[in-house]
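Visitor: The following comprises the amino acid sequence and a computationally predicted model.
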Amino acid sequence: MTTTPLRVIIVDDEPLARLVVREYLKAHPGVEVVAECGNGFDAVKAVTELTPDLMFLDIQMPKLDGFEVLDLIGRSVPVVFTTAYDEYALRAFEVHAVDYLLKPFNEQRFAAALSRARERILARETLPVQDLVAAARPRSGPLERVLIREGGQVHVLLVERIDYVEAQDDYVCFKVAGKEYLKDQTMAAVEAALDPARFVRVHRSYLLNLERIARVELYAKDSRVAVRRDGRRLPVSRAGYTRLTKLL
Amino acid sequence: MHPLLARGERLALYLALWMIAGALLAALLTGEGGLTAWTAALLGFPLAAAYAFVCLSAWYVARSAPLATSGMARLIGTALGASILSSAAWLAVARGWAAALRRWSGVSISFQEIATLVFGFGVLLYLLSIAVAYVVAAFEHAREAERRELKAQVFSRDAELRTLRAQIDPHFLFNSLHSISALTAADPGAARRMTILLGDFLRESLALGAADRIPLAKELALVEKYLEVERVRLGDRLRVRVSPGEGGECVVPPLLLQPLVENAVKHGVSHVLDGGTVVVTASCTPSRLTITVQNPADADRPRSKPGTRLGLNNVRDRLRTLYGSDAAIRWAEQDGQWRVEVNLPAQKTP
């Protein structure tokens, strides 16, 4: 056992549910609750600022659910899920959760989860970030909203509000109603996650929302531009044009 | 399919029973017909075996004139007619067999003397077969009815369970129990109040769920009880306003609103950071009753989140089953408010 305390955050939108975890933790010396969060936004912020050793995480929460929180923090803070729903157990296992506590749970079950977490932390079993993020991804159907973390702050972009996505060095930039949001992701990953019937890779660097296209113009021989509804133009490559004509 | 032909062992048993008839016939032929025992046996047993097959047709005769629906004249007519026909056919066979026996073994049989005897015996046996067929049919009918009833019982129990499950989300129970578990240490008094609240809600929903229709006032009281339990869990984030208007005396199917308020909490208020108010109102004209459930919705939520529609579809299906096209449910989102409206005929308590 390490001498430094185990730093824990408790994430649950129900005050009473947080109380249960806090109370059960009292029986275990060497554990310090560094934060309690009532929603996903606060959880992302707390993880960013406090880098805890362990997180007790509810799944059904306002704004961001537990899996989205995991997706956003994108690092291997060991997680013990606490939920009344048993149908997420498989997904929790896929994102390498330490344990999965079904509400209501008793002290013995909680203690088992805690000691399992301690073992994992001691073994320094860190998981590659990409694995975690990739595992958190697969759900049924294309992405409906893009989550972007800016420091401790989270932006939720509904997919239909995205005008287009632009590749910028190691980042992708989401353009939404004149605003820009950077995300540490590859263009290919974004393209794969978004609905292919709605977003077209018109160019190596551009992924365009079909509904924003007014028309496509020939601009020079073999070179075209897409004119958006707001009048701005985006280059269209030859491969991009083929993809576009297939959809329009 | 004939029940005796369906299985080999049944047919064997049937033929064995017919050998008794064969022995009887042989005895009759010896006593009344004046044949030697040996000749009577030679004649009686094969004829009984042959007639056994003829009498299989009695089952179809019995089916063609069911006891329950046929008049007495028809029953007797059918039975007698079939018996006479069959026995006549049997008599022809018997005549042929007697002739064959005469030719092969030289025993002299005066067929004229035994014809009446064979014919009468045949008619009686056939009538007996029809009677047995009726008994068997009645027995099978009773068993079939019993099985159908059992099936119907299982089905209705199943349906009951399904509606109850559709109307009360089990996760509501798990979460409430978890809240109680938290309160037992922190605030035992509150824990007790919560268990009683939850107990009341469950008992009442089970009692009301069994009814066909309940007054809207009762339904709304149940809704309030449910929301009170949820308020223990969600705290100040959940606010509630229920106004029955003048529709309180109208009757509604029990637990009709339960999935709607459940949605309002689960997919509405609980997803908004600061929570919000669930508003349930009712209004009534002489012919129509309108109930609305309104709650704030998170503008950034994923649109196709599963679950919301399940409750709405359940309510819609239920309305369709109960009222046909005379009831409707509509939902829409406006200015961050999710609003469901149920419109149904205003039926008053008798």
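Guide: Here it is on my side, so go on.
Visitor: where along the chain do the helices fall?
Guide: Unless you meant another one, I'm taking chain A. A:15-26, A:40-50, A:66-73, A:89-94, A:107-122, A:129-136, A:187-193, A:238-247 (DSSP state H).
Visitor: wrong one, chain B
Guide: B:8-31, B:37-55, B:58-64, B:72-105, B:111-167, B:170-186, B:188-209, B:216-234, B:258-263, B:308-323.
Visitor: Run through the residues of chain B sitting next to chain A.
Guide: Residues of chain B lying close to chain A by C-beta under 8 Å from any C-beta of the partner chain are B:171, B:174-175, B:177-183, B:185-186, B:232-235, B:237, B:266, B:270-273, B:298, B:300, B:302-304. All C-beta atoms are positioned from the backbone trio N, CA, C, and that covers glycine.
Visitor: Could you identify the buried members of those?
Guide: B:171, B:174-175, B:177-183, B:232-234, B:237, B:266, B:270-273, B:298, B:302 (16 or more other C-beta atoms under 10 Å in any protein chain shown).
Visitor: So which of the helices of chain A is nearest chain B?
Guide: Chain B lies closest to helix A:15-26 among those, at 3.9 Å (C-beta to the nearest C-beta).
Visitor: packing partners for that closest one?
Guide: strand A:6-11, strand A:31-37, helix A:107-122, helix B:170-186 (3 or more C-beta pairs under 8 Å, 6 or more residues apart in numbering or on different chains; DSSP states H and E).
Visitor: change it to 6 Å
Guide: With contacts taken as 3 or more C-beta pairs under 6 Å, 6 or more residues apart in numbering or on different chains; DSSP states H and E, helix A:15-26 sits against helix B:170-186.
Visitor: Which residues of chain A lie near chain B?
Guide: Selection of chain A residues close to chain B by C-beta under 6 Å from any C-beta of the partner chain yields A:14-17, A:19-20, A:23, A:39, A:62, A:84-85, A:103-104, A:144-145, A:156.
Visitor: give me that answer again for 7 Å
Guide: The interface of chain A toward chain B, taken as C-beta under 7 Å from any C-beta of the partner chain, is made up of A:13-17, A:19-20, A:23, A:39, A:62-63, A:84-85, A:103-104, A:144-145, A:156, A:158.
Visitor: Now mean pLDDT and distance to B:Cys284 too, for the helices of chain B, in TSV please.
Guide: Compiled in TSV, these are given as follows (pLDDT from 0 to 100; distance: least, C-beta to C-beta, whole Å):
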stretch	mean pLDDT	distance to B:Cys284
helix B:8-31	86	66
helix B:37-55	86	71
helix B:58-64	85	57
helix B:72-105	87	59
helix B:111-167	81	23
helix B:170-186	92	29
helix B:188-209	91	20
helix B:216-234	93	8
helix B:258-263	91	18
helix B:308-323	82	16
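Visitor: looking at the ones you listed, which is buried most?
Guide: helix B:258-263 (a mean of 24; mean count of other C-beta atoms under 10 Å in any protein chain shown).
Visitor: can you list contacts of it?
Guide: Residues outside helix B:258-263 that contact it (C-beta atoms under 7 Å, 6 or more residues apart in numbering or on different chains): B:166-169, B:172, B:223, B:226-227, B:278, B:280, B:293, B:308, B:311, B:314-315, B:340.
Visitor: which stretch among the helices of chain A comes nearest B:Leu75?
Guide: Proximity to B:Leu75 (C-beta to C-beta) singles out helix A:89-94 among these, at 65.9 Å.
Visitor: Buried ones in the closest one, by neighbour count?
Guide: For helix A:89-94, by 16+ other C-beta under 10 Å, it's A:Arg91, A:Ala92, A:Glu94.
Visitor: Nearest to B:Gly122, out of the residues you listed: which one, please.
Guide: The closest of the buried residues of helix A:89-94 to B:Gly122 turns out to be A:Arg91 (C-beta to C-beta; 77.7 Å).
Visitor: A:Val216 versus the closest one, what's the distance?
Guide: 41 Å (C-beta to C-beta, to the nearest Å).
Visitor: what's the answer for A:Pro142, then?
Guide: 24 Å.
Visitor: Compare the two and say which is more crowded by neighbours.
Guide: Each of A:Pro142 and A:Val216 has its neighbours counted (other C-beta atoms under 10 Å in any protein chain shown); A:Val216 has more, 18 against 14.
Visitor: Bridge partners for that one, pull those for me.
Guide: A:Ala226 (DSSP bridges).
Visitor: thought it was touching A:Arg233?
Guide: No: A:Val216 lies out of contact with A:Arg233 (C-beta atoms under 7 Å); the separation is 10.1 Å.
Visitor: residues shared between the contacts of these two?
Guide: A:Ala226.
Visitor: lowest average confidence, helix or strand, in chain A?
Guide: helix A:129-136 (a mean of 51; mean pLDDT, DSSP states H and E).
Visitor: Show me where chain A dips below the pLDDT cut-off.
Guide: Across chain A, the ranges flagged by pLDDT under 70 are A:1-3, A:75-76, A:125-141.
Visitor: So which residue is dead centre in it?
Guide: A:Asp71 (2.9 Å; C-alpha atoms, centre = their mean).
Visitor: Now do it against A:Val154, distance only.
Guide: A:Asp71 is 11 Å from A:Val154, where distance means C-beta to C-beta.
Visitor: Would you mind grabbing the residues shared as contacts by those two?
Guide: A:Leu147.
Visitor: count of residues packed around the residue nearest to B:Leu319 when sequence neighbours are not counted?
Guide: Leaving aside its chain neighbours, B:Leu319 sits nearest to B:Ala327 (4.2 Å; criterion: C-beta to C-beta, 6 or more residues apart in numbering or on different chains). Counted by other C-beta under 10 Å, the residues lying close to B:Ala327 total 21.
Visitor: circling back to that earlier point, closest to B:Val135 among the buried residues of helix A:89-94?
Guide: A:Arg91 (62.2 Å).
Visitor: got a list of what that closest one touches?
Guide: By C-beta under 7 Å, 6+ apart, the contact set of A:Arg91 is A:Phe67.
Visitor: most packed of the helices of chain A?
Guide: Stretch with highest mean neighbour count among the helices of chain A: helix A:66-73 (a mean of 24; mean count of other C-beta under 10 Å).
Visitor: Report all helices and strands that that one contacts.
Guide: helix A:40-50, strand A:54-58, helix A:129-136, strand A:145-150 (3 or more C-beta pairs under 7 Å, 6 or more residues apart in numbering or on different chains; DSSP states H and E).
Visitor: mind running it again at 10 Å?
Guide: In terms of contacts (3 or more C-beta pairs under 10 Å, 6 or more residues apart in numbering or on different chains; DSSP states H and E), helix A:66-73 is packed against helix A:40-50, strand A:54-58, strand A:79-83, helix A:89-94, helix A:129-136, strand A:145-150, strand A:153-158.
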